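Enquirer: predicted model, plus sequence, below.
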Amino acid sequence: MIECSVCHSKIAPPGSKTVSRAYDTHRSYVSSKTRLLNVLLVGGDCILVGFQPILVYMSKVDGGFKFSPVSVNFLTELAKFIFAIIMLLFQARNKKVGEKSLLSISSLVQAARNNVLLAVPALLYAINNYLKFIMQLYFNPATVKMLSNLKVLVIAILLKMIMKRRFSIIQWEALALLLIGISINQLRSLPEGTTSFGVPIATGAYLYTLTFVTVPSLASVFNEYALKSQFDTSIYHQNLFLYGYGAIFNFLAILGTAIFKGPSSLDILQGHSKATMLLICNNAAQGILSSFFFKYADTILKKYSSTIATIFTGIASAILFGHTLTINFVLGISVVIISMHQFFSSLSKVKDEKQSGSLKMVDNQDSKRYTFILYAIFVDHVETVPYLDVDYGNNWIYDFKRFIFFSLLFRREEWSIFIPIMD
């Protein structure tokens with residue numbers, strides 16, 4: 001209890017439990033919305049990512065693709081670009097009076113200048129989207145999803161290097177468990193034979209796996225950095241430029257393919273089927289959802305949600321295509337689930353560093369000593385103020401000194417930080 005030395009009234013100090021309870025209430029209110037957003041993002045991502053390898057597998061004819069994978073990537077980026085324009089038009093129609101239109105020339109130019117960095121992940125995504133099709137030639141859909149989870153470790157290292165994110169020892173151990181789970185599922189998953197380039201299939205698969213893991217990891221980290229560094233910019237503005245850059249890079253790839261394979265490669269609809277159209281829609285929705293992950297959630301959460309989709313992919317590929325769910329797959333998935341629970345557990349969070357000093361409450365005895373200190377410092381020094389040294393009577397000066405003293409007295413907890421206790 002804190003007691004006033006004048007009127008002797010007592011008030012309860014704001015204890016740590018009171019402050020903690022108020023903070024927990026605010027934090028639970030904010031985190032409830034965050035948890036809802038994360039659940040929606042993870043749920044949608046599981047459906048889209050889970051279907052993606054299956055649609056790619058359905059698009060293959062006699063073990064290969066009749067269409068150009070680059071054309072799929074270009075149509076995907078074009079679909080996302082159109083979606084971003086539609087959302088900007090929708091926001092422009094519903095803007096408040098006095099607000100600047102997101103489609104105005106000045107807004108677009110300013111957003112373009114602030115989001116030039118998005119060209120880097122757009123280029124990396126263009127390369128990664130092509131690698132997705134190449135990986136399907138070496139692995140079945142469930143294995144492709146497990147291999148993609150290797151990106152989590154690479155992303156964690158890049159986040160620590162680029163965005164200075166901290167991870168606890170338990171979280172690093174969880175990532176190690178993730179690698180173990182992936183390795184268990186990888187055992188004896190490579191098909192035998194050689195590729196069309198004459199390279200042993202194991203060598204080609206591992207080279208593509210290394211690129212398949214590194215390139216999208218860099219793209220994800222740079223994308224998250226670019227989106228969050230310009231957090232005040234509309235996400236649809238950012239998506240407009242990200243998908244615009246992606247469409248340009250993929251169109252350049254189509255032109256490059258036409259130079260080497262002839263003008264027939266310019267027919268971007270050649271060899272497409274209903275499965276590829278569904279694949280394009282799925283990839284577009286997946287890319288749009290990923291932008292919300294990177295801006296409002298977390299890259300690690302995005303990759304772990306893809307891990308959850310592995311279960312759905314494995315079961316669906318077994319039902320639709322007759323792929324066998326081996327004991328390696330079951331054990332690998334079990335280890336991955338344990339890793340995910342360990343990484344996001346509250347016990348694994350990084351603890352904040354302790355402050356070098358602490359602030360203590362002033363008890364009743366110390367309050368009396370501070371009363372004397374404040375009186376000696378502030379009240380006695382009032383007599384030295386020149387403009388108070390006039391003939392208005394000593395009682396007026398004394399009352400004014402008391403007014404200053406008692407005004408400061410009720411703020412002595414703040415002054416106690418600067419004035420040491422005199423024993």
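Expert: On my side now, so go ahead. Nothing here was measured: the structure is a model prediction, and the numbers come from that model.
Enquirer: could you find the closest non-adjacent residue to Ile134?
Expert: Tyr208 (5.6 Å; Cβ to Cβ, 6 or more residues apart in numbering). (Glycine included, C-beta is placed from N, CA and C.)
Enquirer: give the burial count for Arg93, as a bare number.
Expert: Neighbours of Arg93 under the rule other Cβ atoms under 10 Å: 8.
Enquirer: returning to that earlier point: for the residue nearest to Ile134, give me the pLDDT.
Expert: On the pLDDT scale, Tyr208 is placed at 73.
Enquirer: beyond the helix or strand where it lies, next helix or strand please.
Expert: Assignment of secondary structure by DSSP states H and E places Tyr208 within helix 201-229. For helix 201-229, the following helix or strand on the C-terminal side (DSSP H and E) is helix 235-261.
Enquirer: any buried residues in that next one, and which?
Expert: Neighbour-count burial for helix 235-261 flags 235-251, 253-254, 257 (criterion: 16 or more other Cβ atoms under 10 Å).
Enquirer: list the helices and strands that helix packs on?
Expert: If you count contacts as 3 or more Cβ pairs under 8 Å, 6 or more residues apart in numbering; DSSP states H and E, helix 235-261 packs onto helix 69-93, helix 105-114, helix 119-136, helix 201-229, helix 274-296.
Enquirer: give me the low-pLDDT residue ranges for the stretch 151-300 of the chain?
Expert: Confidence mapping of the stretch 151-300 of the chain against pLDDT under 70 gives the ranges 185-205.
Enquirer: my read is Val350 is in a strand, agree?
Expert: No. With DSSP: H, G, I helix; E, B strand; the rest coil as the criterion, Val350 is assigned coil and is not in a strand.
Enquirer: Ala226 and Thr313, how far apart?
Expert: Distance, Ala226 to Thr313, using Cβ to Cβ, to the nearest Å: 29 Å.
Enquirer: give me the angle between the helix or strand hosting Ser317 and helix 201-229.
Expert: Applying DSSP H and E as the criterion places Ser317 in helix 299-321. Orientation check (axes from the mean of the first three to the mean of the last three Cα atoms, to 10 degrees): helix 299-321 against helix 201-229 gives 140 degrees.
Enquirer: now helix 299-321 against helix 274-296, angle please.
Expert: Relative orientation of helix 299-321 versus helix 274-296 (the same axes, to 10 degrees): 160 degrees.
Enquirer: pull out the buried residues from the helix or strand just after helix 299-321.
Expert: For helix 299-321, the following helix or strand on the C-terminal side (DSSP H and E) is helix 327-344. Within helix 327-344, the residues scored as buried using 16+ other Cβ under 10 Å are 328-329, 332-333, 335-337, 339-340, 342-343.
Enquirer: give me the helices and strands touching helix 327-344, please.
Expert: When contacts are defined as 3+ Cβ pairs under 8 Å, 6+ apart, helix 327-344 sits against helix 141-148, helix 169-186, helix 299-321.
Enquirer: out of those helices, nearest to Ile47?
Expert: Proximity to Ile47 (Cβ to Cβ) singles out helix 299-321 among these, at 7.8 Å.
Enquirer: list the buried residues for the closest one?
Expert: Residues of helix 299-321 classed as buried by neighbour count (16+ other Cβ under 10 Å): 299-314, 316-318.
Enquirer: between it and helix 169-186, what angle do the directions make?
Expert: Using the same axes, to 10 degrees: helix 299-321 against helix 169-186 is 20 degrees.
Enquirer: and the contacts of helix 299-321?
Expert: With contacts defined as Cβ atoms under 8 Å, 6 or more residues apart in numbering, helix 299-321 is touched by 38, 41-42, 45-47, 49-51, 53-54, 57, 140-142, 145-146, 148-149, 151-152, 155-156, 159, 178, 220-221, 224, 290, 293-294, 323-325, 329, 333, 336, 340, 343-344.
Enquirer: for the strand or helix carrying Leu153, buried residues please.
Expert: Using DSSP H and E, the element containing Leu153 is helix 151-162. With burial defined by 16+ other Cβ under 10 Å, the residues of helix 151-162 counted as buried are 151-156, 158-159.
Enquirer: and the helices and strands packed on helix 327-344 as JSON lines, adding distance to Leu118?
Expert: JSON lines is the format used below for those (distance: least, Cβ to Cβ, whole Å):
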{"stretch": "helix 141-148", "distance to Leu118": "22"}
{"stretch": "helix 169-186", "distance to Leu118": "27"}
{"stretch": "helix 299-321", "distance to Leu118": "15"}
